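Novice: give me the fold of what follows.
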Amino acid sequence: MDHLLYIAMSGAKENMHSVAVRSNNLANANTTGFKADMEQARAMQAFGEGLPTRVFAMTERPGQSFASGPIQTTGRDLDVAVAGDGWLAVEAKDGSEAYTRFGNLQVTSEGSLQTSTGLNVLDDGGAPIFLPLPLEKMEINKDGTIFARLEGEPVNGGEELQRIKTVLPNNADIEKGTDGLFRRKDGQAEAPSADVQLLAGVLEGSNVNPVAEMTHLIDLQRRFETQLKMMSHAEENDKAHAQLLRI
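Specialist: As a prediction, the model looks like this:
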């Protein structure tokens, strides 16, 4: 009887993990540049003393959906979106180089170019970008080059400054961290790519499909209820078996 109970128990536990993944996707349906997480379940052999006679269910997060999200026009000069494949390079809170599609940028009072979440944007050399102040006008070109005009300069003045580091890694070589940023699996920094193009005045929305996520959540809830029924049946069978032994 414990075979049935063990499988049902582990299945119900991992179903709850799947619900958490799908719920997180749904919660980020309006998050700029968010990439939906995927989950799947597989059977795992339980090894220990004696023969490996137990199998349990395990849900994994094997990867993310790298599909592009919808483009939303903002008209703001510091809003950029990656056209097609590619990523923006930023400095994560732990100091490592990471990659994101979140292109809502800002210039701090110290001249640092950051995302609106406070992450430093990196240049082709992997260093944080600092701009001269005060700025009269600033634009980001398709190749990521920053064009700026200082206050007091003529209208036809201005110059090209640093270039935002854009990368084009193989999707199989990167993974999402717990902070929502992507990094290379080997821990190395990706080389800058000139093939990535940026769109100014727009942002990329989340690629989460709310209807699909709701459907998955309903399906997972029904699976969870089925697992609970199996555990209840296992208990009933165990009681019936115990009564037979007393005869």
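Novice: select the helix or strand of the chain having the lowest average pLDDT value.
Specialist: strand 54-64 (a mean of 72; mean pLDDT, DSSP states H and E).
Novice: can you count the residues close to Leu161?
Specialist: 16 (other CB atoms under 10 Å). (Glycine included, C-beta is placed from N, CA and C.)
Novice: so for the very next helix or strand once past the least confident helix or strand of the chain, mean pLDDT?
Specialist: Next helix or strand after strand 54-64 toward the C-terminus (DSSP states H and E): strand 71-73. Averaged across strand 71-73, the pLDDT comes to 96.
Novice: for whichever helix or strand comes after strand 71-73, packing partners?
Specialist: Downstream of strand 71-73, the next assigned helix or strand under DSSP H and E is strand 80-83. Contact analysis of strand 80-83 by 3 or more CB pairs under 8 Å, 6 or more residues apart in numbering; DSSP states H and E lists strand 197-200, strand 202-204 as its packing neighbours.
Novice: which residue ranges of this structure form helices?
Specialist: 2-27, 210-246 (DSSP state H).
Novice: ranking the ones you listed by burial, who's on top?
Specialist: helix 2-27 (a mean of 18; mean count of other CB atoms under 10 Å).
Novice: that helix vs helix 210-246, what angle?
Specialist: 160 degrees (axes from the mean of the first three to the mean of the last three CA atoms, to 10 degrees).
Novice: check the offset of helix 2-27 from the chain's centre.
Specialist: 21 Å (CA atoms, centre = their mean, to the nearest Å).
Novice: average pLDDT for it?
Specialist: The model assigns helix 2-27 a mean pLDDT of 84.
Novice: sorry, back to before: can you lay out the helices of the chain as TSV showing distance to Asp124?
Specialist: Putting these into TSV (distance: least, CB to CB, whole Å) gives the following:
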stretch	distance to Asp124
helix 2-27	33
helix 210-246	37
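Novice: right, so of the ones you listed, which gets closest to Gln72?
Specialist: helix 210-246 (15.8 Å; CB to CB).
Novice: before we move on, the earlier item: tell me the most buried of the helices and strands packed on strand 80-83?
Specialist: Counting by mean count of other CB under 10 Å, the most buried of the helices and strands packed on strand 80-83 turns out to be strand 202-204, with a mean of 21.
Novice: strand partners (parallel or antiparallel) of that strand?
Specialist: strand 71-73 (antiparallel) (DSSP bridges).
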